[in-house]
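Enquirer: sharing a model that was predicted from the sequence below.
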Amino acid sequence: EVAGVLRDRIQEQGGTWDTLVLCDHGSPNQRVTAVREAVAAQLRPLVAPPVNTCCMERREGPGYDFNGPLLETLLPDQPPNAR
């Protein structure tokens, strides 16, 4: 289970964070985003901080809004201690 591996890696870091950001590369395929969102949904009950999702890049236009926010636009709105 990917969410379990992520939880283990987060715990190994030993820090405390205000929020976590799960980011993928971005894709024109909605199934890629669906996997990212499914992993985030599985991870949320396993970790204490909130988990937000985003992508590193995406195609322009409303047809690709399913990718969610870009990392560069999401990060400025995150607490200083986000990971």
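Expert: In hand now; what should we look at?

Enquirer: give me the three-state assignment for residue 54.
Expert: Look at residue 54: counting by DSSP: H, G, I helix; E, B strand; the rest coil, its state is strand.

Enquirer: next: the one 5 residues further on.
Expert: At residue 59, secondary structure determined by three-state DSSP is coil.

Enquirer: how many residues are close by residue 19?
Expert: For residue 19, the number of neighbouring residues by other C-beta atoms under 10 Å comes to 14. In short, each C-beta sits where N, CA and C put it, glycine included.

Enquirer: ok, it touching residue 48?
Expert: No. In this structure, residue 19 is not within contact of residue 48 by C-beta atoms under 8 Å, at 10.2 Å.

Enquirer: low-confidence regions, this protein specifically.
Expert: 83 (pLDDT under 70).

Enquirer: can you give me the helices in the protein?
Expert: 2-13, 30-43, 71-74 (DSSP state H).

Enquirer: just name the most buried of those helices.
Expert: Counting by mean count of other C-beta atoms under 10 Å, helix 30-43 has the highest mean neighbour count of the helices of the chain, with a mean of 15.

Enquirer: which residues touch that helix?
Expert: Helix 30-43 is contacted by residues 1-3, 6-7, 20, 22, 24, 27, 51-53, 55, 66-68 when judged by C-beta atoms under 8 Å, 6 or more residues apart in numbering.

Enquirer: with distance to residue 60 as added columns, please give the helices of the chain in CSV.
Expert: Shown next, in CSV, are these (distance: least, C-beta to C-beta, whole Å):
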stretch, distance to residue 60
helix 2-13, 29
helix 30-43, 16
helix 71-74, 14
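
Enquirer: so which of those gets nearest residue 59?
Expert: Closest approach to residue 59 among the helices of the chain is made by helix 30-43 (12.1 Å; C-beta to C-beta).

Enquirer: okay, the closest one in PDB with CA atoms only?
Expert: Taking C-alpha atoms only, helix 30-43 is exported to PDB below (Å, rounded to 0.1, in the frame of the first residue of the first chain):
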ATOM      1  CA  GLN A  30      -7.500  11.700 -15.500                       C
ATOM      2  CA  ARG A  31      -6.600   8.300 -14.200                       C
ATOM      3  CA  VAL A  32      -3.200   9.600 -13.000                       C
ATOM      4  CA  THR A  33      -4.900  12.300 -10.900                       C
ATOM      5  CA  ALA A  34      -7.400   9.800  -9.600                       C
ATOM      6  CA  VAL A  35      -4.600   7.600  -8.300                       C
ATOM      7  CA  ARG A  36      -3.000  10.600  -6.500                       C
ATOM      8  CA  GLU A  37      -6.300  11.600  -5.000                       C
ATOM      9  CA  ALA A  38      -6.900   8.000  -3.900                       C
ATOM     10  CA  VAL A  39      -3.500   7.800  -2.200                       C
ATOM     11  CA  ALA A  40      -4.100  11.100  -0.500                       C
ATOM     12  CA  ALA A  41      -7.500   9.800   0.800                       C
ATOM     13  CA  GLN A  42      -5.800   6.700   2.200                       C
ATOM     14  CA  LEU A  43      -3.000   8.800   3.700                       C
END
